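> Provided below for reference: sequence and predicted model.
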Amino acid sequence: MRFFAVLFLAAFCCMSSPAFVAAQEGDYDEYEPTFDMGDQMIIISGGLFAPLFYQSLAGDINSTRLTVGGVGSLQWSTYLNNNMSVGAEGGGMFAFTPNGRNLFMVPVTARFSYVLRKHPFDFPLSLAAGLNFVRLDSTFRVMPIIKPGISGFWSYNSSWSFGLNLVYWWVPDIYMGPSPPREQSRLGNFLEVSLSARYYF
Amino acid sequence: MRRFFCLVVLLGLFLGACSDITQGVFYDIETEISVPDNSLTDDIDVTRVVYLPAQTGALPPTSQPRYYIAGGAVFYREAPGTSDTDWHQITAPGIVIDIAFIGPAGTQDIYAATERGLFCLPASNGYTVFETRNYNTTGKQISRLMSLSGNLFVATFPEGLYYMDGTGALLDTGLTGHRILSGVHTTTGEYLFTSRSTHIFAANSPPSPGGWTTPPLATEQDIDTIVWPVGGSPVATNSGLAGGNISGEIRDIMETPSTPGTLYAVTTAGYVLRSTDSGASWGYEYHGSTFFSIAEINSVLVLGVDGSGLRHFLDPFDPAVPTKSRMEYPPGDFLKIPDLYNSSVFYLMTDTVSGSANWLLTGTNNGVWMADYSNPAYVAWRHE
């Protein structure tokens, strides 16, 4: 699994390379872009996944007992106006339990963003919700997921920008009983810290 | 976009409906306990684990019983299993394939089989250094050692079975043509040996110099037996075990401590054999997995499996219980330890003497795992 983590980070670096090539060409734009309905963007992200805590339905807070892992995602969005966009995102994370079992989560979400701008920077505030496909060893389960987040992007030119994301993953793992019992329900709380490359088209 | 999300929701609901779990996912991780790991190196194949009682006659004497393992070298630590006593390595002449101990109580010697021969780790030097004498005079490669009722048996390939006399010489039992994999000395006095073919060989008397002098069990139902006349060649009788219905190598055989006279054997083709008359007749069940070993601890039958750890064998041979229901994973944290449940368990040894627990030691392809079977409803594991 560590091999896949390295592979993913390497792939992310490779996909970011066109931007570095463009930098060598001295292609920096001075004007502030504006976006209209129909303008689209693709965002690729990768970074670290920090398990925070589980909360039981009774309110007890417990350690996740997971290692820090890796996360990545691919997002498509379209602008509604210069400050709002909607889109879809698919991604994945991995982390390890104390005895080396792998936890994978693959969220597929719809996303809404509201962008605060101060050229050449912009700060999207986002809220994503959807389904989270979770796998632990041979156990597979689908859970809902909500992901509020905040990002900071620097516009390199009219096509490319790069940024940092802080995204909170809230994953409720709810059971009604009798098996598994309701008492084993947990609300998973995680934090994603990732870097992004964004391309407008 | 709308169609895409409808698809995702439907797929999610479908997959969610297909999930079949008995424990919450996050709860499962939250309650996972990190398995203790002792000092023994993990990347060794452990083919034998033996329990050596305290040897008061050794020089110096050993005050505590010890576990010895064959894993390329010889390793040992003091029993019981609750302590985090370090393991020690003893370098042998060659790669250690198997170990066994024989001799008078209190001054028993350890023998190790390597690709170079058979060597002794004597009590007279406190089990610190192997003697230089090579006891393997057969001219063949040793594949297995068996210590049965104070007799050391040596299986070889090309196929043969030898035993050690009082002078340290290896004498031919006369059993040839079959590669012997395991043996047991029953409470009724029989010696039974299993082979790579579907044969179990029996003799009801200890060997003496020159061969077996008294007739073995030669006429029992459904068992291949060998008549070993003095100085003669073995003669096979019968046509196959359990009517010729089983297959695979019979890798292990044992007599249950809880029910003397009841024997179990396992094959690599997924068969479990049982005899309730000390090996006179055998029945079998088919369970599909590649079995390497079998043991009984705290009245629980445990099977070692290739590539998937262990199974508990419940209600064996009970016609009222469906065959599929008779195998289960050990309860407790077994399924939370991938290094254990993905391992191949070559050998099982029980220690019901040391300390206050019932210890099961498993020799696997990634070292030794030890389990506390004091409560068979929840088995706690540690990695040695």
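Thanks, I have the structure now. Here the structure is a predicted model, which means the values were calculated and not measured.
> for chain B, what helix or strand is lowest in average pLDDT?
strand B:226-227 (a mean of 38; mean pLDDT, DSSP states H and E).
> quick check: the residue sitting furthest away from the middle of chain A vs chain B, distance?
Note on chain A: the largest C-alpha distance from the chain mean falls to residue A:178, namely 33.8 Å (Cα atoms, centre = their mean). Look at residue A:178 and chain B: by Cβ to the nearest Cβ, to the nearest Å, they are 10 Å apart. (Glycine included, C-beta is placed from N, CA and C.)
> A strand includes that residue, no?
No. With DSSP: H, G, I helix; E, B strand; the rest coil as the criterion, residue A:178 is assigned coil and is not in a strand.
> how much space separates it from residue B:103?
According to Cβ to Cβ, to the nearest Å, residue A:178 and residue B:103 sit 58 Å apart.
> what does residue B:37 give?
Where residue B:103 is concerned, residue B:37 sits at a distance of 34 Å (Cβ to Cβ).
> how about the helices in chain A?
Remark: helices assigned in chain A by DSSP state H are A:2-24.
> which residues of it lie near chain B?
Contact residues (Cβ under 8 Å from any Cβ of the partner chain) of chain A with chain B: A:54, A:62-66, A:88, A:97-101, A:103, A:108, A:110, A:130-131, A:133-134, A:136-137, A:139-142, A:171, A:173, A:175, A:179-180, A:184-186, A:188.
> pLDDT weak spots in the chain?
Assuming you mean chain A. Chain A contains residues with pLDDT under 70 at A:1-31.
> that was the other one, I meant chain B.
B:1-19, B:81-84, B:204-206, B:208-245, B:319-324.
> now the residue farthest from the centre of chain A: phi and psi?
Dihedral pair for residue A:178: phi -80, psi -20, per degrees, to the nearest 10.
> buried ones among the residues of chain A next to chain B?
Neighbour counting over the residues of chain A next to chain B (16 or more other Cβ atoms under 10 Å in any protein chain shown) leaves A:54, A:64-66, A:88, A:97, A:99, A:101, A:103, A:108, A:110, A:130-131, A:133-134, A:136, A:139-142, A:171, A:173, A:175, A:180, A:184-186, A:188 as the buried ones.
> sorry, back to before: please narrow the residues of chain A next to chain B to those residing in strands.
In strands, judged by DSSP state E, the following of those are found: A:54, A:62, A:88, A:103, A:108, A:110, A:130-131, A:133-134, A:136, A:139-142, A:171, A:173, A:186, A:188.
> pretty sure residue B:362 is touching residue B:350, no?
No. Counting by Cβ atoms under 8 Å, residue B:350 is not a contact partner of residue B:362; they are 10.4 Å apart.
> just the terminal-to-terminal distance for stretch B:356-374.
8 Å (Cα to Cα, to the nearest Å).
> same question, stretch A:57-71
In stretch A:57-71, first residue to last residue: 27 Å (Cα to Cα).
> what lies in contact with that stretch?
With Cβ atoms under 8 Å, 6 or more residues apart in numbering or on different chains as the test, stretch A:57-71 has contacts from A:5, A:8-9, A:45-56, A:91-98, A:103, A:174, A:182-183, A:185, A:187-188, A:190, A:192, A:194, B:26, B:29-30, B:32.
> before we move on, what about stretch A:124-134?
By Cβ under 8 Å, 6+ apart, stretch A:124-134 touches A:85, A:89, A:103-116, A:140-151, A:153, A:167, A:171, A:173, B:5, B:8-9, B:12, B:15, B:25.
> filter those to the buried ones?
A:85, A:89, A:103, A:105-113, A:115, A:140-147, A:149, A:151, A:153, A:167, A:171, A:173, B:8, B:12, B:25.
> okay, now residue B:63: neighbour count?
Applying other Cβ atoms under 10 Å in any protein chain shown, we find 10 other residues in the vicinity of residue B:63.
> how much space separates the residue nearest to it when sequence neighbours are not counted from residue A:129?
Closest residue to residue B:63 apart from its sequence neighbours, by Cβ to Cβ, 6 or more residues apart in numbering or on different chains: residue B:54 at 5.7 Å. Going from residue B:54 to residue A:129 by Cβ to Cβ gives 66 Å.
> now the stretch 101-250 of chain B against chain A: closest residue?
Residue nearest to chain A within the stretch 101-250 of chain B: residue B:248 (26.9 Å; Cβ to the nearest Cβ).
> so that residue: helix, strand or coil?
Applying three-state DSSP: residue B:248 is coil.
> name the nearest residue to it, ignoring sequence neighbours.
Of all residues not flanking residue B:248 in the chain, residue B:269 sits nearest, at 2.7 Å (Cβ to Cβ, 6+ apart).
> for the one you found, which residues are in contact?
The contact partners of residue B:269, taken as Cβ under 8 Å, 6+ apart, are B:246, B:247, B:248, B:249, B:290.
> please redo it, this time with the cut-off set to 10 Å
Taking Cβ atoms under 10 Å, 6 or more residues apart in numbering or on different chains as the criterion, residue B:269 is in contact with B:198, B:246, B:247, B:248, B:249, B:250, B:286, B:288, B:289, B:290, B:291.
> dump those to CSV, plus neighbour count and distance to residue B:261.
CSV is the format used below for the contacts of residue B:269 (neighbours: other Cβ atoms under 10 Å in any protein chain shown; distance: Cβ to Cβ, whole Å):
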residue, neighbour count, distance to residue B:261
B:198, 21, 22
B:246, 21, 21
B:247, 15, 26
B:248, 16, 25
B:249, 20, 25
B:250, 26, 19
B:286, 14, 24
B:288, 11, 28
B:289, 19, 27
B:290, 18, 28
B:291, 27, 22
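> for those, which one is nearest residue B:151?
Of all the contacts of residue B:269, residue B:151 sits closest to residue B:250, with 20.3 Å by Cβ to Cβ.
> quick check, the closest one in contact with residue B:197.
Yes. Counting by Cβ atoms under 10 Å, residue B:250 touches residue B:197, with 8.2 Å between them.
> how about stretch B:331-343: buried residues?
Within stretch B:331-343, the residues that count as buried by 16+ other Cβ under 10 Å are B:332, B:333, B:334, B:335, B:336, B:337, B:339, B:340, B:341, B:343.
> contacts with chain A among these, please.
Near chain A, judged by Cβ under 10 Å from any Cβ of the partner chain, the entries from the buried residues of stretch B:331-343 are B:333, B:335, B:336, B:337, B:339, B:340, B:341.
> circling back to that earlier point, mind putting the buried residues of stretch B:331-343 into a markdown table with secondary structure and distance to residue B:192?
Formatted as a markdown table, the buried residues of stretch B:331-343 follow (DSSP: H, G, I helix; E, B strand; the rest coil; distance: Cβ to Cβ, whole Å):
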| residue | secondary structure | distance to residue B:192 |
| --- | --- | --- |
| B:332 | strand | 33 |
| B:333 | coil | 36 |
| B:334 | helix | 31 |
| B:335 | helix | 34 |
| B:336 | helix | 38 |
| B:337 | coil | 34 |
| B:339 | helix | 34 |
| B:340 | helix | 30 |
| B:341 | helix | 31 |
| B:343 | coil | 28 |
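> and the residues you listed, which is closest to residue B:93?
Closest approach between the buried residues of stretch B:331-343 and residue B:93, by Cβ to Cβ: residue B:343, at 28.4 Å.
> let me see the contact set for the residue positioned nearest the centre of chain B.
For chain B, residue B:347 is the residue whose C-alpha lies nearest the centre (Cα atoms, centre = their mean; 3.3 Å). By Cβ under 10 Å, 6+ apart, residue B:347 lies in contact with B:46-50, B:69-70, B:98, B:182, B:251-252, B:292-293, B:295, B:304, B:361-364, B:368.
> just the ones of those residues in helices?
Per DSSP H, the contacts of residue B:347 never map to helices.
> buried only: go through those residues for me.
So, by 16+ other Cβ under 10 Å, the buried ones in the contacts of residue B:347 are B:46-50, B:69-70, B:98, B:182, B:251-252, B:292-293, B:295, B:304, B:361-364, B:368.
> that's all I had, so thanks and see you.
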